[in-house]
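> Mind looking at a prediction? Sequence and model below.
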Amino acid sequence: MKQIQTIALIGLGAVGINFAYYLNQHLPKGALRIVADKQRTVRYRSEGCYYNGERCDFLYADENNTAQAVDLVLFCTKANGLRKACETIQEHCDSDTLFMSAVNGITSEAVLAEYFNRENIIYTVAQGMDATKVGNHVECHTLGELCFGAFDRSQNEAVNRIHEFFDGIGFPHTLKQDIIHHQWGKFMLNCGLNQVVALHCGTYETIQQPGEARTQMLAAMKEVQQLSVYEGIHLTEQEIIEWAAMCDTLSPTGRPSMAQDVLAKRRTEVNLFAAEVIRRCAKFQLSCPVNTLLYERLTALESTFPA
C-alpha cells in the first residue's frame, strides 16, 4: 500500500488557510504544495497569508508548474470556484492521486467526478472549525476536523492510506462508516446555521441563544431532515439536536462562511443550500417555507452587492 507523503491544497479562504497552516507545521518542508492560478499565486506571495497574526511560510506552485504529482489533493475553494480549481490542479495529479473536498454542500464530489477517477474521490466533510478571514488574515480558535469514508468497498484501501497519513501528523479526523449520511447531516446544519447567521449579519452567538434566529435555524434544519427521508438518507430529529449542540461549542464571536461573505459583500452559497433544498423538495412535492424564505431574503440581500 503506497504511503501518502505529499499533499496539494487549493483554495486559501478561511478553511484553506486554517488547514494549510497545520499541515505546513507538521509535514516535512516541501510536502505541502499550495496550488492556485497565476494571478492568485502572485498575490499570495506578495501580500502573504496570516494565521492568528503569523505570516504563513507556504510553498506555492504556479499554475503551469510541472512538478511531480502529489499523492493527495484537498480542495478548499468555494463551490462556484471548484471547476476552475479542478482545471488548475490537473498538472499536479496522476492516476494514483486521491482527492478530498472540504467544499460545503452535497454536490462537490459529483463535480470532481467530471475531471477525475470516481474511485479516487473520497467523500469528505469539514466541520467544527471557527476560522474567520478578513482580507488575508485568518483568526481561528478551533481547528476542526475532516470526516471521511469509503463510498463503497473499492475505496477502503485509499481511505486507510489517508487515515494513516493524518494519524502520523496528528491531523484531526474521523472515519465515518456512512459518509453520505454524515454529509447530509452537515448539509442540514449549513441550511440552518450558515444561512440564518448570514441573514442576520451575525456571529455564532446569534444562534447560540434562544430567540428568533435559533428557532429559524432549527426550522430550516427540520425541512432538510424531512427531505432526507424521501432521498433515502433518513436523518433523524435527534441528529438535529446533536448538530445544534455542536454549534454551541463554537467561539461566539466567530462567523460561518456565508456571514463572512455578506460582510465582504460577496456572493454567498445560498444556491448550494436553500436553492438545493427547494429543487429537491420540488421532486417530491414537499413544501419548504423556511428555506424558501431564506433563499428569497438572501438573494435580495446579494442584489445590493457590487457586481
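That came in fine, so what should we check first?
> domains in the chain, as residue ranges please.
With automatic domain parsing as the criterion, the domains of the chain are listed as 7-177, 180-302.
> what's the span of the longest one from first residue to last?
Yep, that's domain 7-177 we're talking about. This stretch, domain 7-177, spans 24 Å end to end (CA to CA, to the nearest Å).
> hang on, the earlier thing: okay, the domains of the chain in a markdown table with mean neighbour count next?
In short, each C-beta sits where N, CA and C put it, glycine included. Below are the domains of the chain laid out as a markdown table (neighbours: other CB atoms under 10 Å):
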| stretch | mean neighbour count |
| --- | --- |
| domain 7-177 | 18 |
| domain 180-302 | 19 |
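> Tabulate these in JSON lines, adding columns for mean pLDDT.
JSON lines is the format used below for the domains of the chain (pLDDT from 0 to 100):
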{"stretch": "domain 7-177", "mean pLDDT": "94"}
{"stretch": "domain 180-302", "mean pLDDT": "96"}
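> quick one, what contacts Tyr115?
83, 86-87, 90 (CB atoms under 8 Å, 6 or more residues apart in numbering).
> any idea where the helices of this structure begin and end?
Secondary structure of the chain (DSSP state H): helices at 14-26, 38-47, 82-89, 108-112, 156-169, 179-199, 205-208, 212-230, 237-247, 257-263, 274-283, 289-302.
> okay if I get the ones you listed as a markdown table plus distance to Val134?
Output for the helices of the chain, formatted as a markdown table (distance: least, CB to CB, whole Å):
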| stretch | distance to Val134 |
| --- | --- |
| helix 14-26 | 9 |
| helix 38-47 | 13 |
| helix 82-89 | 23 |
| helix 108-112 | 25 |
| helix 156-169 | 28 |
| helix 179-199 | 16 |
| helix 205-208 | 18 |
| helix 212-230 | 22 |
| helix 237-247 | 22 |
| helix 257-263 | 8 |
| helix 274-283 | 26 |
| helix 289-302 | 19 |
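> and of those, who's closest to Met129?
helix 14-26 (5.6 Å; CB to CB).
> Between helix 156-169 and that closest one, find me the angle.
Interaxial angle of helix 14-26 relative to helix 156-169 (axes from the mean of the first three to the mean of the last three CA atoms, to 10 degrees): 70 degrees.
> Which one of the contacts of Tyr115 is nearest to Lys2?
Closest approach between these and Lys2, by CB to CB: Gln90, at 20.2 Å.
> surely Val103 meets Lys78?
Yes. At 7.3 Å, Val103 and Lys78 qualify as touching, with contact defined as CB atoms under 8 Å.
> need the contacts of Tyr115 in JSON lines with distance to Ile180, can you?
Below are the contacts of Tyr115 laid out as JSON lines (distance: CB to CB, whole Å):
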{"residue": "Arg83", "distance to Ile180": "22"}
{"residue": "Cys86", "distance to Ile180": "21"}
{"residue": "Glu87", "distance to Ile180": "26"}
{"residue": "Gln90", "distance to Ile180": "26"}
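> Between which two of the residues you listed is the distance greatest?
Arg83 and Gln90 (11.5 Å).
> for this protein, what's the longest strand?
strand 121-127 (DSSP state E).
> Just name whatever secondary elements that one is in contact with.
On a contact count with 3 or more CB pairs under 8 Å, 6 or more residues apart in numbering; DSSP states H and E, strand 121-127 meets strand 98-101, helix 108-112, strand 145-149, helix 156-169, helix 179-199.
> Could I have the CA atoms of that strand written out in CSV?
Taking Å, rounded to 0.1, in the frame of the first residue of the first chain, the C-alpha atoms of strand 121-127 are listed here in CSV:
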residue,chain,number,x,y,z
ILE,A,121,-12.6,10.8,-4.9
ILE,A,122,-13.1,10.4,-1.1
TYR,A,123,-16.3,11.8,0.3
THR,A,124,-15.4,14.3,2.9
VAL,A,125,-16.9,16.7,5.4
ALA,A,126,-15.1,19.6,7.1
GLN,A,127,-16.6,20.5,10.4
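> All set, thanks.
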